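Novice: Turn this into a structure:
(chains A, B, C and D)
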2 protein chains.
Amino acid sequence: MAAGARRGPYVCGIDAAMDVVSGKWKSLILWELNNYGARRFGELRRGLPGVSEKMLIQHLREMEEDGLVHREVYREVPPRVEYSLTEDGTSLNEALGPLGAWGTARRERLTIEQSGV
Amino acid sequence: MAAGARRGPYVCGIDAAMDVVSGKWKSLILWELNNYGARRFGELRRGLPGVSEKMLIQHLREMEEDGLVHREVYREVPPRVEYSLTEDGTSLNEALGPLGAWGTARRERLTIEQSGV
DNA sequence: CTGTATCCACGTTGATACTG
DNA sequence: CAGTATCAACGTGGATACAG
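Specialist: Numbering: from 1, shown residues only, chains lettered A, B, ... in the order given. Below is the predicted model of the structure:
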């Protein structure tokens, strides 16, 4: 998303939010950035095992367009770029809290069912 | 999702939750079912303008497999089927609350920016 | 180091028609 | 009414190679 004409008229707030977090790694990026503050491209890549450079930069760009992430470029040699959360990104991360808790509780429940029953 | 071998090992709770809500209409189905209680297939379809029968039944089946939705069949003529939220579905809907609020606030902010600035 | 550019596989979504 | 079946179109995600 984010590249301009993708967003439809939303039926409710969930739509608008989901539109912005949908993407395989976005919630993880939010999490990383929230825990570590500013992170460099390479650091993020190592922090998200399995992500490809293409997907990472793609998600990062979209999140930047969506005003979730701030991109700071340091013109040095070698080049350095740091990503950090904006206020919106931070508040989104907070709004994601209950969902994460629900998911964790669900995971535990499923694990118990599998082993116990 | 839900059809068996789709779910990977999750990095955090968000993953597990996102896996279950991802799908163009799922959050809306949750919303509909939460507001109206039990709903019939046709009612849901009319409540979700634009959804195709295939997508609706597909999402419903997945949500049933995920234990979010309960499907009650009444053997009548003509056939009647009612869908309702399970406890898990209800709690998921609650966990989605903050996210919806965030999305709504964001929408308002964007609207103001577009008209005002 | 931080990206870009291609090409490709796959899943999801959608339109349409048909069945019990 | 409540689905099922089929086919097509599209977007997302992934691998690899290359560039500033």
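
Novice: What's the local residue count around residue A:41?
Specialist: Around residue A:41 there are 17 other residues, counting by other CB atoms under 10 Å in any protein chain shown. For the C-beta atoms, the positions are set from N, CA and C on the backbone; glycine is no exception.

Novice: I'd like to know how far the nearest residue to it once chain neighbours are set aside sits from residue B:107.
Specialist: Of all residues not flanking residue A:41 in the chain, residue A:81 sits nearest, at 5.5 Å (CB to CB, 6 or more residues apart in numbering or on different chains). Between residue A:81 and residue B:107 the computed distance is 30 Å (CB to CB, to the nearest Å).

Novice: Comparing the two, which shows the higher neighbour count?
Specialist: Taking other CB under 10 Å, residue A:81 and residue B:107 do not tie; residue B:107 has more neighbours (17 against 14).

Novice: Pull the contacting residues for that one.
Specialist: A:10, A:13, A:16 (CB atoms under 8 Å, 6 or more residues apart in numbering or on different chains).

Novice: got it, and residue A:82?
Specialist: Counted by CB under 8 Å, 6+ apart, residue A:82 has contacts A:38, A:39, A:40, A:71, A:72, A:74.

Novice: pretty sure the third one contacts residue A:81?
Specialist: Yes: taking CB atoms under 8 Å as the definition, residue A:40 is a contact partner of residue A:81 at 6.5 Å.

Novice: Mind checking the pLDDT average for the top helix by length along chain A?
Specialist: Longest helix in chain A by number of residues (criterion: DSSP state H): helix A:97-116. On average, the pLDDT along helix A:97-116 is 89.
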